[in-house]
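Participant: Using only what follows, build the 3D model:
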Amino acid sequence: MIEFLFPWALVVMPLPLIVWLLVPKARQEDAALHTPFYGSVSAFQASHHAPGERSLWRRLMLLLIWLLLILAAIQPQFVGDAIELPTTGRDLMLAVDISGSMGTDDMEMAGQRTTRLDVVKSVISDFVERRKGDRLGLILFGSKAYLQTPLTFDRNTVQMLLQETPLGIAGGKTAIGDAIGLAVKRLQDRPSDSRVVVLLTDGVNNVGEVDPIQAAKVAERKDVRIHTIGFGA
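Facilitator: Alright, predicted model coming up:
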């Protein structure tokens with residue numbers, strides 16, 4: 001199906017016709033001085049040229065150029081059939097610890113020592129890439145928990161926002177209970193058989209308003225499954 005981005009540009013299409021009708025034609029004044037052989041020259045030109053034909057072709061070319069300009073202005077676009085996104089996948093909230101201790105470089109990746117957070121980013125990036133058809137959300141937590149990305153099919157955005165996350169931006173401590181509570185809150189309205197939290201942390205809860213055990217009990221009542229992945233020595 002073809003759609004036009006700026007269809008209102010069609011209103012200027014009759015502009016040349018309006019100008020032709022409203023603007024008077026220019027008159028050709030008689031020459032002030034005619035040479036003795038002027039009549040012969042005029043007769044020769046009339047016999048070897050077809051001014052009416054030239055004028056017709058000129059007008060057709062101008063009309064074609066005008067129509068092409070109008071076509072470019074309205075910007076026609078071919079719109080294909082709507083693509084339906086899959087709606088039968090899981091709802092996964094990724095809760096990632098970005099507290100100060102995640103900057104400890106006691107992990108190894110590709111033969112080199114690296115920080116815990118860098119390993120988490122690598123693992124999650126690969127995990128997200130393989131979750132086609134699932135809705136993904138991202139929660140970052142340190143001393144407090146924040147929703148970075150609501151549930152979405154846009155895996156690239158989730159990956160990008162995680163990769164750009166600096167260490168310690170949410171505080172230096174670890175509020176695991178708050179992160180679980182926030183994840184459950186974002187999932188409670190989703191279908192009960194698809195609610196999943198993936199918790200990635202390197203420590204124990206040492207701050208926050210919600211106790212992790214209580215948060216886990218609420219998750220159980222809400223049919224939210226929690227998978228915990230620990231990092232660090």
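
Participant: Run a quick neighbour tally on residue 59.
Facilitator: Residue 59: 12 surrounding residues under other C-beta atoms under 10 Å. For every residue, glycine as well, the C-beta is placed using N, CA and C.

Participant: What helices and strands are in contact with the strand or helix carrying it?
Facilitator: Here residue 59, judged by DSSP states H and E, is contained in helix 51-74. For helix 51-74, the packing partners by 3 or more C-beta pairs under 8 Å, 6 or more residues apart in numbering; DSSP states H and E come out as helix 15-22.

Participant: And the protein, what are its domain boundaries?
Facilitator: 2-78, 91-230 (automatic domain parsing).

Participant: that older thread, put the alpha carbons of the helix holding residue 59 into CSV.
Facilitator: Only the C-alpha atoms of helix 51-74 are listed here, as CSV (Å, rounded to 0.1, in the frame of the first residue of the first chain):
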residue,chain,number,x,y,z
PRO,A,51,7.0,27.2,-33.4
GLY,A,52,3.7,25.7,-32.3
GLU,A,53,5.3,22.2,-32.0
ARG,A,54,8.3,23.6,-30.1
SER,A,55,6.0,25.4,-27.8
LEU,A,56,3.9,22.3,-27.1
TRP,A,57,7.0,20.2,-26.3
ARG,A,58,8.3,22.9,-24.0
ARG,A,59,5.0,23.1,-22.1
LEU,A,60,4.9,19.3,-21.8
MET,A,61,8.5,19.3,-20.4
LEU,A,62,7.6,22.0,-17.9
LEU,A,63,4.5,20.1,-16.9
LEU,A,64,6.5,16.9,-16.3
ILE,A,65,9.1,18.7,-14.2
TRP,A,66,6.3,20.3,-12.1
LEU,A,67,4.6,17.0,-11.6
LEU,A,68,7.9,15.4,-10.5
LEU,A,69,8.5,18.2,-8.0
ILE,A,70,5.0,17.7,-6.6
LEU,A,71,5.7,13.9,-6.4
ALA,A,72,8.9,14.5,-4.5
ALA,A,73,7.2,16.9,-2.1
ILE,A,74,4.4,14.6,-1.1
